[in-house]
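Participant: Sequence plus the predicted model coming up.
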Amino acid sequence: PAFRSGTPSTVDFGLDTGYNPFAENRSKDKAVAGAKNWQQESRQAMSDWDKLYSSFSSQKDDLPDSAGPLSRGQEPDDENVVASRLKVSSQAVIGIGDTGSEEVTPILQIGGKYLVTQGHGTLLVVNRRRAHIRVLYERMKLFSESAPLPSQAVLFPEVVNMSASQSSIVENNVELLASAGFDLGYLGDNAWSINGVPAIETGMSAGDLLGLIINDIAEETDIAIENMRQHIALSLAKAGAITSGRVMQQPEIERLLSDLFSLPSPGFTPDGKKIVAELDLQALDELLN
């Protein structure tokens, strides 16, 4: 039978009878622990910059000072040449006071364009947009058909009506565009459907971003495919880089500078624009006297 008389069976749910969800100590302890972990990670990020700067400082005396700017889309023949022009102090971000104790030097945002921090007798000035361009470019420049850039699907595919010349460029470079993260479909009569775009935040519409890349391809029809990929990577990096005026949060600044100075030659953008400058405090004293 389904029912049997006798001692009823019990089920052990393993309840914690001492648990009190309204206890303040539990949440407070977790919050304090989380804050301490964040502070430790922040200090670790700051101290990592010091190690990066030290490598530049140790190399600068052995390198020539006559390095010229990079041409568009080219990397330096010697990855250490640009570092010689930086002359970055090993205490550019971690300031060492007269007492020998470490002090984290604040990083200022000036004019919505520059990051400025005090070094050991210097001011280090970084163009944050150019720094972001360089970091993004390094992440994207090695894409290929076998290792394409990540693509992000468009929720509502955008239909773009092109001129005959534009449509021809897309048709002849559809594999190149696919490796750059574009998912395109031909609808006929020079109309294309954009189903996916490179997974990078640009603030541009899918059609405008594709138009930017089409113009790049049209301007550089006589270069090798590998150089074309680097050219497209640079255009995407410029489209995705931070714009002037936006206030960056401290973790963003730390990550950007850490990524920049971990590169072998962080001084210039791929098209030769200067990223980092150093101002001597003694020269400033003389200027203001």
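Facilitator: Looks like it arrived, so ask away.
Participant: who are the neighbours in contact with residue 170?
Facilitator: Counting by CB atoms under 8 Å, 6 or more residues apart in numbering, residue 170 touches 162, 177, 184, 192, 210, 214. All C-beta atoms are positioned from the backbone trio N, CA, C, and that covers glycine.
Participant: sorry, that was for residue 223
Facilitator: By CB under 8 Å, 6+ apart, the residues touching residue 223 are residue 231.
Participant: Could you do the one 5 residues further on as well?
Facilitator: In this structure, residue 228 makes contact with 176, 217, 220, judged by CB under 8 Å, 6+ apart.
Participant: That one is in what secondary structure piece?
Facilitator: helix 225-240 (DSSP states H and E).
Participant: residues of the next helix or strand after that helix that come out buried?
Facilitator: Toward the C-terminus, helix 225-240 is succeeded by helix 250-261 as the next helix or strand (DSSP H and E). Neighbour counts over helix 250-261 (16 or more other CB atoms under 10 Å) mark 253-254, 256-261 as buried.
Participant: Now do the helices in the protein.
Facilitator: Assigned by DSSP state H, the helices in the chain fall at 24-59, 81-86, 128-140, 164-172, 174-179, 206-219, 225-240, 250-261, 281-288.
Participant: Would you single out the least confident of the ones you listed?
Facilitator: Lowest mean pLDDT within those: helix 81-86, a mean of 34.
Participant: Kindly provide the distance from residue 283 to residue 187.
Facilitator: 62 Å (CB to CB, to the nearest Å).
Participant: neighbour-wise, which of the two wins?
Facilitator: Taking other CB atoms under 10 Å, residue 283 and residue 187 do not tie; residue 187 has more neighbours (13 against 10).
Participant: what sits against residue 106?
Facilitator: When contacts are counted by CB under 8 Å, 6+ apart, residue 106 is found next to 117-118.
Participant: Let me know how buried the nearest residue to residue 284 once chain neighbours are set aside is, in neighbour terms.
Facilitator: Spatially, and ignoring its direct neighbours in sequence, residue 284 is nearest to residue 123 (7.6 Å; CB to CB, 6 or more residues apart in numbering). Other residues near residue 123 come to 16 when the count uses other CB under 10 Å.
Participant: Residue 123: what's it in contact with?
Facilitator: Neighbour list for residue 123: 116-117, 278-279, 281, 284 [criterion: CB under 8 Å, 6+ apart].
Participant: So which residues make contact with the top strand by length along the chain?
Facilitator: As assigned by DSSP state E, the longest strand anywhere in the chain is strand 151-161. If you take CB under 8 Å, 6+ apart as the criterion, strand 151-161 is touched by 181-183, 185, 187, 190-199, 205-207, 210-211.
Participant: Report the buried members of these.
Facilitator: 181-183, 190, 192, 194-198, 206-207, 210.
Participant: could I get those as TSV with distance to residue 129?
Facilitator: Below are the buried ones among the contacts of strand 151-161 laid out as TSV (distance: CB to CB, whole Å):
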residue	distance to residue 129
181	22
182	24
183	28
190	35
192	31
194	26
195	30
196	26
197	21
198	19
206	23
207	24
210	23
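Participant: Closest to residue 234 out of those?
Facilitator: The shortest approach to residue 234 among these belongs to residue 198, at 13.0 Å (CB to CB).
Participant: Not counting sequence-adjacent ones, nearest residue to the closest one?
Facilitator: Residue 198 sits nearest to residue 181 (CB to CB, 6+ apart), 3.2 Å away.
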